[in-house]
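[1] let me see the structure of the following:
(one chain, ligands or ions: 1)
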Amino acid sequence: MSNGMSDAFVFFGATGDLAYKQIFPSLQDLIRDEGFSLPIIGVAKAGWNLDQLKARAKDSLENNGGLEQAAFEKLVSLLHYVDGDYADAATFTELRKQLGDAKAPLHYLAVPPSLFGTVAEGLAKSGCATNARIVVEKPFGHNLPSAQELNRTLHRFFPEENIYRIDHYLGKEPVQNILYTRFANPIFEPIWNREYVRSIQITMAESFGVSDRGRFYDETGAIRDVVQNHMLQVLGNLTMAPPTGEDHDAERDQKAALLKAVVPLKPEDVVRGQYKGYKQVPGVAPGSTVETFVAMKLHIDSWRWAGVPIYIRAGKVMPVTCMEAIVEFKRPPRETFHEIVPRQSSHLRMQVGPDISIDLGVRVKVPGERMVGQDVELRLKSQAVDVMPPYQRLLGDAMRGNGELFARQDLVEAQWRIVQPILDNVTPVYQYEPGTWGPDEAVQLIAQDGPWIDPQPSSADNRSQAAAK
Ligand code: BG6
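    Next comes the predicted model:
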């Protein structure tokens, strides 16, 4: 089943953090904006009753974007609750009962991946998997073999077309904007290759630390948390070939082809860092060598990108919270005006957050008698991220059976293949001061193609100075 609307929304892990932060707010938005009206069934093992879940929904909305009375009342009128162990068949018998006449439910697994198999099996044995869609959260596996194993498990009960793997970056407006800008304009494609592009940088900086997520993070680290998924998806949008054909898989086919061409990382192309103070975060192991920062140099083995160095950097407690991708163009073959020009003078900069912006870096002449120039950025687009939240978009799409913005099995496995050789502490972890751009070793990594261009949230005015640094 790939078309048609789901007729019930079931979410496992109903009393958990993800439901609290994302699912209740998205449901309220979907009810308000799209008139969603269908049974909503929370499942958890918490010893709760329906009234407690309703109270939790209220609290969630009040603390995550605001409660809107009419939509909230509708939400609680649609809400059901099933309390029980996921390994107990009775839980699923009760769920089937609560589903009533629903014939095509959607099941959202907001639970740890270790429970995916148990829940999927319980759904299948109770008849709840028939004609159903299943949505699973990242992280999808812990490495390549576990992701493959997880895929095999889910495929025992659900066909691939009914499995929706969430990577919320795919639901972000600016991430879609990258594709739109590239493929809605004829000027980019002819220069989007090794002939014209000198290097690519993508930085995801977060000024906050790991705070209350110590336990989760210490089992994850930056490579698994954001590089394997969010950042490689952004790289895919930035470098894939133009989609052809009209079906939902057109984009994903091209992105999969691109990600399969990315050469698996070598330890010498990776620098890991850990901010000072990380080991004191509750839940973090005393001698932890988990990275809170990573910088890497990637290669894409294709006709389009061979030889173009691609740098990715992600870190916690950086100086700012901002994500940007920079495509740096080659200089003209001859500097006609005999200037010493900063190497990053010509570029396209795409900011993915906190704002959406796309800027083209060019040199223009300084008024006067001399033929000298300065770097400026032409702003192609600038917009605050005041648009549909990713989870609302993605849950709505999954309910409608549109899988375009979800990670396909081959994509997820290609992403794991890229990072697999550098997982599990095979490279040293260097300490860095909170509020800096990571360890010095990251600067050395990019030395021949650098420097790193540090992203600057909402600061159009001093962009040219940054480019010149
Ligand atoms: C999550 C990671 O997937 O993405 C977090 O687990 C990270 O560590 C977050 O902070 C970033 O998402 P966003 O939408 O705030 O950029």
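
[2] let me see the contact set for the closest residue to the ligand within the stretch 151-300 of the chain.
    In the stretch 151-300 of the chain, no residue comes nearer to the ligand than Asp225, which is 4.8 Å away by Cβ to the nearest ligand atom. Where you see a C-beta, it was placed from the backbone N, CA and C, and this is true even at glycine. For Asp225, the contacting residues are 139, 217, by Cβ atoms under 8 Å, 6 or more residues apart in numbering.

[3] three-state assignment of it?
    Counting by DSSP: H, G, I helix; E, B strand; the rest coil, the backbone at Asp225 sits in helix.

[4] now do it against Ile31, distance only.
    31 Å (Cβ to Cβ, to the nearest Å).

[5] which element is the residue located most distally from the centre of the chain on?
    Distance from the C-alpha centroid of the chain, by Cα atoms, centre = their mean, peaks at Glu369 (49.4 Å). When secondary structure is defined using DSSP states H and E, no element contains Glu369, which sits outside every helix and strand.

[6] and the chain, what are its domains?
    Domain assignment for the chain, taken from automatic domain parsing, gives 8-137, 170-463.

[7] wait, which of the ones you listed is closest to Leu144?
    Between Leu144 and these, the shortest separation by Cβ to Cβ is 4.0 Å, and it involves domain 170-463.

[8] what mean pLDDT does that closest one get?
    If you average the pLDDT over domain 170-463, you get 93.

[9] output stretch 138-153 as PDB, nothing but the C-alphas.
    Extracted in PDB, the C-alpha atoms of stretch 138-153 (Å, rounded to 0.1, in the frame of the first residue of the first chain):
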ATOM      1  CA  LYS A 138      16.600   7.700  14.100                       C
ATOM      2  CA  PRO A 139      19.100   6.300  15.000                       C
ATOM      3  CA  PHE A 140      18.300   3.500  12.600                       C
ATOM      4  CA  GLY A 141      20.800   1.000  13.900                       C
ATOM      5  CA  HIS A 142      24.200   1.500  15.600                       C
ATOM      6  CA  ASN A 143      26.400   0.600  12.600                       C
ATOM      7  CA  LEU A 144      26.000  -1.000   9.200                       C
ATOM      8  CA  PRO A 145      25.500  -4.600  10.400                       C
ATOM      9  CA  SER A 146      22.900  -3.600  13.000                       C
ATOM     10  CA  ALA A 147      21.000  -1.400  10.500                       C
ATOM     11  CA  GLN A 148      21.000  -4.300   8.000                       C
ATOM     12  CA  GLU A 149      19.700  -6.600  10.700                       C
ATOM     13  CA  LEU A 150      17.000  -4.100  11.700                       C
ATOM     14  CA  ASN A 151      15.900  -3.900   8.100                       C
ATOM     15  CA  ARG A 152      15.600  -7.600   7.800                       C
ATOM     16  CA  THR A 153      13.500  -7.700  11.000                       C
END
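
[10] helix/strand/coil for Asn288?
    One correction, residue 288 is Ser, not Asn. Of the three states, Ser288 takes coil according to three-state DSSP.

[11] which residues are in contact with it?
    Taking Cβ under 8 Å, 6+ apart, we find Ser288 in contact with 218, 274, 278-279.

[12] so the residue nearest to Thr181 when sequence neighbours are not counted: helix, strand or coil?
    Setting aside the residues directly before and after it, Thr181 is nearest to Ile358 in space (Cβ to Cβ, 6 or more residues apart in numbering), at 5.8 Å. Per three-state DSSP, the local secondary structure of Ile358 is strand.

[13] any idea what Ile358 is bridged to?
    Counting by DSSP bridges, Ile358 forms beta bridges with Met350, Lys381.

[14] quick check: it vs the ligand, distance?
    For Ile358, the distance to the ligand (Cβ to the nearest ligand atom, to the nearest Å) stands at 18 Å.

[15] ok, Gly450 next?
    Taken as Cβ to the nearest ligand atom, the span from Gly450 to the ligand is 25 Å.

[16] and that residue, how many neighbours?
    17 (other Cβ atoms under 10 Å).

[17] just checking, it is part of a helix?
    No - counting by three-state DSSP, one finds Gly450 to be coil, located in no helix.

[18] correct me, but it touches Val443?
    Yes - using Cβ atoms under 8 Å, Gly450 makes contact with Val443 at a distance of 7.1 Å.

[19] please enumerate the shared neighbours of the two.
    In contact with both Gly450 and Val443: no residue, using Cβ under 8 Å, 6+ apart.

[20] for the ligand, what's its nearest residue on the stretch 1-150 of the chain.
    When Cβ to the nearest ligand atom is the measure, the stretch 1-150 of the chain has its nearest residue to the ligand at Lys138, with 6.2 Å between them.

[21] state whether that residue is indeed within a helix.
    No - according to three-state DSSP, Lys138 belongs to no helix; its state is coil.

[22] alongside the ligand, which residues does the stretch 251-400 of the chain contribute?
    Taking Cβ under 6 Å from any ligand atom as the test, the list of the stretch 251-400 of the chain residues beside the ligand reads Gly353.

[23] kindly recompute the last result at 8 Å.
    The stretch 251-400 of the chain has residues 316, 323, 352-353, 390 near the ligand, with proximity defined as Cβ under 8 Å from any ligand atom.

[24] likewise the stretch 101-250 of the chain?
    Counting by Cβ under 8 Å from any ligand atom, the residues of the stretch 101-250 of the chain close to the ligand are 138, 168-169, 172, 204, 206, 208, 210, 213, 216-217, 220, 225-226, 229-230.

[25] tell me where the stretch 1-150 of the chain has helices.
    Counting by DSSP state H, counting those that start in this stretch, the segments of the stretch 1-150 of the chain that form helices are 17-18, 24-34, 50-63, 69-78, 89-99, 116-125, 144-157.

[26] circling back: looking at the residues of the stretch 251-400 of the chain next to the ligand, which two lie furthest apart in space?
    Using Cβ to Cβ, the pair of those lying farthest apart is Lys316 and Pro390, separated by 20.4 Å.

[27] please, which helix or strand holds Glu324?
    Here Glu324, judged by DSSP H and E, is contained in strand 322-329.

[28] so which residues make contact with that strand?
    The contact list for strand 322-329 (Cβ under 8 Å, 6+ apart) reads 178, 191-192, 196-205, 234, 238, 343-344, 346-354, 453, 455-457.

[29] can you tell me the strand partners of it and which way each runs?
    Partners of strand 322-329, by DSSP bridges, with direction: strand 197-205 (antiparallel), strand 347-353 (antiparallel).

[30] any buried residues in the last one, and which?
    Using 16 or more other Cβ atoms under 10 Å as the burial criterion, the residues of strand 347-353 that qualify are 347-353.

[31] about what we covered before: minimum distance to Ile163: which of the domains of the chain has it?
    For the domains of the chain, proximity to Ile163 was assessed by Cβ to Cβ; domain 8-137 is nearest, at 5.6 Å.

[32] can you give me the offset of that closest one from its chain's centre?
    Taking Cα atoms, centre = their mean, to the nearest Å, one finds domain 8-137 lying 23 Å from the centre of the chain it belongs to.
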